[in-house]
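**Q** Turn this into a structure:
(one chain, ligands or ions: 1)
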Amino acid sequence: MKRNILITGGAGFIGSHVVRLFVGKYPDYRIINLDRLTYAGNLANLRDVENRPNYTFVKGDICDYDAMRSLFAEYDIDGVIHLAAESHVDRSIRDPFTFARTNVMGTLTLLQAAREHWNGAWEGRRFHHISTDEVYGALPFDGTLFTEQTRYDPHSPYSASKASSDHFVRAFHDTYGFPAVVTNCSNNYGPYQFPEKLIPLFINNIRHEKPLPVYGRGENVRDWLYVEDHARAIDTIFHRGRDGETYNIGGFNEWRNIDLIRVIIRTVDRLLGRPEGASEKLITYVTDRAGHDLRYAIDSRKLKEELGWEPSLQFEEGIEKTVRWYLANQEWMDDITSGEYERYYQEMYTGR
Ligand SMILES: Cc1cn([C@H]2C[C@H](O)[C@@H](COP(=O)(O)OP(=O)(O)O[C@H]3O[C@H](C)C(=O)[C@H](O)[C@H]3O)O2)c(=O)[nH]c1=O
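**A** Numbers count the residues shown, from 1 in each chain. Just a heads-up that it's a prediction; the model follows:
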């Protein structure tokens, strides 16, 4: 094998798309997918690649230092794409400790295991840390964008934990010369996303004619990127980005939540053969998310100018593809939304 790449969190939403891309595109790489299989990790996301000869799944916890050291030694890992993280803002508001443990301590544990294994021989090695635009805080409605120079200003326990992990990665680069790169991406959408996030949650609720809980007045703005475009950006930066650099990844595709929700409603209603706008009645304005960031919008010109990446999919096309996927993969959704999920859903979304 030409390279041994560890992808952490590969059974999650974005991770599974990165695993699929790398396993298919690089048959001479061994891809090791490390995942703890928490509620958000799902091996069903990878059924189509699980028998490929260059793919290995390992169940494990990035916080377990001894296990990480053994893993690096066993597979002689030379590249890491680190996606394993707790990622849902609402959960972080209820349980910040879990976010500090996984996102901060887990990242530090992995960094330390990589540093020890590579032992100063940085050539040909790379640690690619996947992060979020939420570390930059919130923008007003004035057309400004987050750039790589924007000061960190996280507001939620989730974004604070990701900001801290980003700082640890940069500290390893600056202190030890450790070969690391950080990317900060905007909101992703597409197949295999856990239905706690806005788009899959709302598609599923519309199908089942359940209320659509719009936080506050639905005026917050997010910049949406199709998940396969994110995976392509990671591929580009992992191979051609410069050590010690940060790259922002975004869609130049800002939507007010309520406008996006109306697009989803129209698309689902049409594909289910319901009268246009039939599901508008499901829109339910609920108590806002605490500390809800007003607007995220990312400037990814550096990535385009230096490495030539740009989003490939128009939003209308991406949403159509996404809704069709969820409607065609009901079994996947039904498996996830049985058992534990129902209890979480009741706690989270009823009586807000
Ligand atoms: C679940 C839900 C969300 N919302 C609102 C809250 C946000 O303004 C927007 C999107 O929420 P969501 O939780 O899907 O995503 P963000 O909080 O923007 O964060 C996401 O994008 C960043 C980049 C990450 O880094 C996070 O990991 C990822 O979860 O819809 C509602 O109005 N109702 C709902 O039921």
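**Q** so what's Leu225 up against?
**A** 185-189, 249-251, 253, 311 (Cβ atoms under 8 Å, 6 or more residues apart in numbering). All C-beta spots, glycine's among them, are computed from the backbone N, C-alpha and C.
**Q** Of those residues, which belong to strands?
**A** Per DSSP state E, strands hold the following members of the contacts of Leu225: 185, 187-189, 249.
**Q** Top of those residues by number of neighbours, please.
**A** Counting neighbours by other Cβ atoms under 10 Å, Ile249 leads the ones in strands among the contacts of Leu225 with 28 neighbours.
**Q** list the contacts for it?
**A** 183-186, 225, 230, 233, 298, 300, 303, 309.
**Q** What residues does the closest residue to it other than its chain neighbours make contact with?
**A** Leaving aside its chain neighbours, Ile249 sits nearest to Cys185 (4.1 Å; criterion: Cβ to Cβ, 6 or more residues apart in numbering). Listed by Cβ under 8 Å, 6+ apart, the contact set of Cys185 reads 130-133, 225, 230, 233, 248-250, 298.
**Q** Could you pull up the contacting residues of Asp78?
**A** 3-5, 118, 124-126.
**Q** Give me the distance between it and the ligand.
**A** Asp78 sits 27 Å away from the ligand when distances are taken as Cβ to the nearest ligand atom, to the nearest Å.
**Q** Identify, from the contacts of Cys185, the entry nearest to His17.
**A** Ranked by distance to His17 (Cβ to Cβ), the contacts of Cys185 are led by His230 at 7.3 Å.
**Q** From what I see, that closest one and Gly15 are in contact.
**A** No. Here His230 lies out of contact with Gly15, judged by Cβ atoms under 8 Å, at a distance of 10.7 Å.
**Q** out of the two, which sits in the busier spot?
**A** For His230 versus Gly15, the count of surrounding residues by other Cβ under 10 Å is larger for Gly15: 28 against 25.
**Q** residues in contact with the more buried one?
**A** By Cβ under 8 Å, 6+ apart, Gly15 lies in contact with 7-9, 33, 35, 83-84.
**Q** does the closest residue to Arg170 other than its chain neighbours sit in a helix, a strand or a coil?
**A** What sits nearest to Arg170 in space, not counting adjacent residues and going by Cβ to Cβ, 6+ apart, is Val182, at 6.7 Å. What DSSP: H, G, I helix; E, B strand; the rest coil gives for Val182 is strand.
**Q** which residues sit in contact with Val182?
**A** So Val182 contacts 128-129, 131, 166, 169-170, 245-247 (Cβ under 8 Å, 6+ apart).
**Q** repeat that with 6 Å
**A** By Cβ atoms under 6 Å, 6 or more residues apart in numbering, the contact list for Val182 reads 129, 131, 166, 169, 246.
**Q** Of the residues you listed, which belong to helices?
**A** Those of those mapping onto helices are 166, 169, per DSSP state H.
**Q** Please work out the average pLDDT along the helix or strand harbouring Gly318.
**A** In the assignment (DSSP states H and E), Gly318 maps to helix 315-328. For helix 315-328, mean pLDDT is 98.
**Q** Let me see the confidence value for Met1.
**A** 68.
**Q** Spell out the residue ranges of the strands in the stretch 151-300 of the chain.
**A** 180-185, 187-189, 212-215, 221-226, 246-249, 254-256, 283-286 (DSSP state E, counting those that start in this stretch).
**Q** Of all these, which one comes closest to Asn103?
**A** strand 180-185 (13.4 Å).
**Q** Note down every partner strand of the closest one and its orientation.
**A** Within its sheet, strand 180-185 is paired with strand 126-132 (parallel), strand 246-249 (parallel), according to DSSP bridges.
**Q** a markdown table for the ones you listed, including mean pLDDT?
**A** Listed next are the strands paired with strand 180-185 as a markdown table, based on pLDDT from 0 to 100:
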| stretch | mean pLDDT |
| --- | --- |
| strand 126-132 | 99 |
| strand 246-249 | 98 |
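**Q** can you put these in TSV and add distance to the ligand?
**A** What follows is these, written out as TSV (distance: least, Cβ to the nearest ligand atom, whole Å):
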stretch	distance to the ligand
strand 126-132	3
strand 246-249	10
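**Q** Please, which helix or strand holds Lys18?
**A** One thing to correct before we go on: residue 18 is Val, not Lys. Using DSSP H and E, Val18 falls in helix 13-25.
**Q** Please export the C-alpha coordinates of that helix as PDB.
**A** Taking C-alpha atoms only, helix 13-25 is exported to PDB below (Å, rounded to 0.1, in the frame of the first residue of the first chain):
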ATOM      1  CA  PHE A  13     -22.200  11.800   8.200                       C
ATOM      2  CA  ILE A  14     -19.200  13.800   6.700                       C
ATOM      3  CA  GLY A  15     -16.700  11.000   7.600                       C
ATOM      4  CA  SER A  16     -18.600   8.400   5.600                       C
ATOM      5  CA  HIS A  17     -18.400  10.500   2.500                       C
ATOM      6  CA  VAL A  18     -14.700  11.100   2.900                       C
ATOM      7  CA  VAL A  19     -14.100   7.300   3.500                       C
ATOM      8  CA  ARG A  20     -16.200   6.500   0.300                       C
ATOM      9  CA  LEU A  21     -14.300   9.100  -1.800                       C
ATOM     10  CA  PHE A  22     -10.800   7.900  -0.600                       C
ATOM     11  CA  VAL A  23     -11.500   4.100  -0.800                       C
ATOM     12  CA  GLY A  24     -12.800   4.500  -4.400                       C
ATOM     13  CA  LYS A  25     -10.300   7.100  -5.600                       C
END
